[in-house]
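Participant: Okay, predicted coordinates and the sequence, questions at the end:
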Amino acid sequence: MGAGASERGDTRTRIQEVAFELFGEQGYEKTSLREIADRLGVTKAALYYHFKSKDEIVTSLVGDFMASIDELVSWADSQPRTAEIRREILERYSTIVQNGWQAMRFFQQNPAAAKGVSGDDFRARMKSIHRLMVAEDAPLEHRIRGMLAVVSLHTAQAIMAEDKTSTPESRREAALVVSLDLVRDI
């Protein structure tokens, strides 16, 4: 990838970050593309080069999140089913969740903005990750532990986000400890 492509990617990411900051501060409906451009210090035309609408910004963030999960699943599918690989899957997934938790929180708070986002797509990806944790014919207790290991990573960021005694990174680390403990003996 050339320097131009890298700069476009960095700009795109910065637009997503600023847009979600403003959505959080003012609400999705009350935030305009002009305000996003102003906060970024660019013209509206420069913003349009990357995104034509707020919906495109939201859709791109979800797409990036889903693509990260798809990449993890693709990698993990080619790996042996070992405790070390389960650990690596959970470590990588915890980073994906930490990087994407702001978007997940946004959708909880702004369901109308999620009109193009399918819960079925997300559930299918969760099933794929669960499949990587434990075999379908494993004992029920093991299958539940595998699912809880994945879900606990979401819980730490989404539900514990208001916890004033922790940071997103400390929540990620604590959730990872819990997740790994859940799958230690399966």
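Facilitator: Received it, and whenever you're ready, just let me know what you need.
Participant: The helix or strand containing residue 60: how far from the chain's middle?
Facilitator: Taking DSSP states H and E as the criterion, residue 60 maps to helix 54-77. Averaged C-alpha coordinates place helix 54-77 at 8 Å from its chain's average position (C-alpha atoms, centre = their mean, to the nearest Å).
Participant: Excluding its own residues, what touches it? List them.
Facilitator: For helix 54-77, contacts defined as C-beta atoms under 8 Å, 6 or more residues apart in numbering pick out 12, 15-16, 19-20, 28, 31, 33, 36, 51, 85, 88-89, 92-93, 96, 99-100, 103, 106, 113-117, 121-122, 125, 128-129, 132. C-beta: built from backbone N, CA, C; applies to glycine.
Participant: Any of the residues you listed buried? List them.
Facilitator: Of the members of those, the ones counted as buried by neighbours, 16 or more other C-beta atoms under 10 Å, are 12, 15-16, 19-20, 28, 31, 33, 36, 51, 89, 92-93, 96, 100, 103, 106, 113-114, 117, 122, 125, 128-129, 132.
Participant: now the biggest helix by length in the chain against helix 54-77, angle please.
Facilitator: When the chain is parsed with DSSP state H, its longest helix is helix 83-109. For helix 83-109 against helix 54-77, the angle by axes from the mean of the first three to the mean of the last three C-alpha atoms, to 10 degrees is 170 degrees.
Participant: by contact count, what packs against helix 83-109?
Facilitator: helix 3-26, helix 54-77, helix 119-133, helix 140-158, helix 168-183 (3 or more C-beta pairs under 8 Å, 6 or more residues apart in numbering; DSSP states H and E).
Participant: So for the second one, what gets flagged as buried?
Facilitator: Applying a neighbour-count criterion of 16+ other C-beta under 10 Å, the buried positions in helix 54-77 are 54, 56-62, 64-66, 68-69, 72-73, 76.
Participant: List the residues that contact residue 17.
Facilitator: Contacts of residue 17 were listed using C-beta under 8 Å, 6+ apart, and none were found.
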